Structures are given as C-alpha cells and as structure tokens.
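**Q** sequence and predicted structure, then a few things I'm wondering about:
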Amino acid sequence: MAKAGTANIELPKSKIDGLNFSFSGIKTAVINLNHKNPNINKADLCTSFEKVTTQMLIENVKKAVDQTGIKQVALAGGVSANSYIRKEFKMFGTENNIKIYYPELKLCTDNAAMIASAGYYNYIVGNESKLNLNAVPNLKLGG
C-alpha cells in the first residue's frame with residue numbers, strides 16, 4: 001500500500017539519547033490518526049510511516065558508524081525485505097562510502113516465523129509448555 005501513497009502526513013520521531021530508539025511513539029500516532037479520522041488516506045499514512053521509520057533507522061546507523069568507524073552494515077530480519085528501506089540504505093551507503101549487505105529476499109524472515117519454527121520442532125519431539133507460560137524478556141539462550 002505504501003507504494004501507492006505520498007509521504008505527506010507528519011509523524012513523530014523518537015528522541016532517545018545514544019543509539020537506542022523506539023517505534024512505539026510513531027505506532028501510537030498512526031493508530032490515533034486512523035481512529036480519529038477513519039477516512040484518512042491509508043496509502044499516504046503507510047508511505048509516511050515507511051519514510052519516517054526508515055529515516056530513524058538510517059539516522060541511528062549513521063550515529064553508530066560515526067561512533068565506531070565501522071563501514072559495513074547488514075540489514076536483517078523481515079523488515080530487510082522492504083524495497084523502500086533497501087533503496088534508501090543503498091543510497092545512504094553510496095553517499096557515505098559504507099558497504100550495505102542485504103540477504104536474499106527468501107532469507108528475510110520475520111522473527112515470528114523463526115520462533116514458530118523453533119516451537120514446531122520442539123513440539124514434534126514432545127516438548128510442550130503449559131498455557132500459563134509467560135514471556136521472560138531477559139532469558140539467556142544457549143549455554
């Protein structure tokens with residue numbers, strides 16, 4: 001849908017010190033805009049969201065490159081399949097003499113798919129969890 005829109009809706013960028021950032025503010029803004037005006041042009045909203053989140057990613061990568069001097073960046077995960085993000089990172093890399101690595105599109109899987117796959121293989125060998133299982137955000141994986 002974003003390919004059909006125009007980035008003409010102003011959306012907030014998070015302002016967090018250092019290299020941390022969050023998309024929660026912009027996600028909330030998009031939800032609120034859509035609820036306040038259900039007739040909002042969805043394509044324009046998608047395009048605006050895509051543009052601002054990509055700017056946020058590139059700004060933080062630029063800060064990281066400036067701080068570390070590292071001139072190689074890898075895009076990964078489901079979001080790395082986004083054609084706009086790939087185009088903008090390619091331009092960013094060219095303009096700043098940074099090598100950008102992209103996985104093949106078929107390898108740009110989302111974390112949810114990886115978790116589901118791990119769950120499937122655990123299930124078929126008989127590992128099951130109770131329904132009251134809760135998330136443990138600081139759980140260490142592996143040994």
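**A** Good, I have the coordinates.

**Q** what lies in contact with the lowest-mean-pLDDT helix or strand in the chain?
**A** Taking mean pLDDT, DSSP states H and E as the measure, helix 111-124 is the helix or strand of the chain with the lowest mean score, a mean of 85. By Cβ atoms under 8 Å, 6 or more residues apart in numbering, the surrounding residues in contact with helix 111-124 are 77, 78, 128. (Each C-beta comes from the backbone N, C-alpha and C, glycine too.)

**Q** from those, which is closest to residue 103?
**A** Nearest to residue 103 out of the contacts of helix 111-124 is residue 77 (Cβ to Cβ; 9.0 Å).

**Q** so how far is residue 105 from the closest one?
**A** Note on residue 77: its distance to residue 105, by Cβ to Cβ, to the nearest Å, is 12 Å.

**Q** gap between the spatially most central residue of the chain and residue 11?
**A** In the chain, the C-alpha nearest the mean C-alpha coordinate belongs to residue 79, at 4.9 Å (Cα atoms, centre = their mean). Going from residue 79 to residue 11 by Cβ to Cβ gives 17 Å.

**Q** do residue 80 as well
**A** In this view, residue 80 and residue 11 are 21 Å apart by Cβ to Cβ.

**Q** which helix or strand contains the residue of the chain positioned farthest from its centre?
**A** Centroid-distance maximum for the chain: residue 126 at 33.4 Å, with Cα atoms, centre = their mean. Counting by DSSP states H and E, no helix or strand carries residue 126.

**Q** show me what the longest helix seen in the chain is packed against.
**A** The longest helix of the chain (DSSP state H) is helix 42-68. Packing partners of helix 42-68 (3 or more Cβ pairs under 8 Å, 6 or more residues apart in numbering; DSSP states H and E): helix 24-36, helix 83-96.

**Q** quick one: that helix to helix 24-36, angle?
**A** In terms of direction (axes from the mean of the first three to the mean of the last three Cα atoms, to 10 degrees), helix 42-68 departs from helix 24-36 by 170 degrees.

**Q** now do the contacts for the residue nearest to the residue nearest to the centre of the chain when sequence neighbours are not counted.
**A** Take residue 79 and drop its neighbours on the chain: the residue closest to it by Cβ to Cβ, 6 or more residues apart in numbering is residue 85, 6.3 Å away. Going by Cβ under 8 Å, 6+ apart, residue 85 touches 50, 54, 57, 75, 79.
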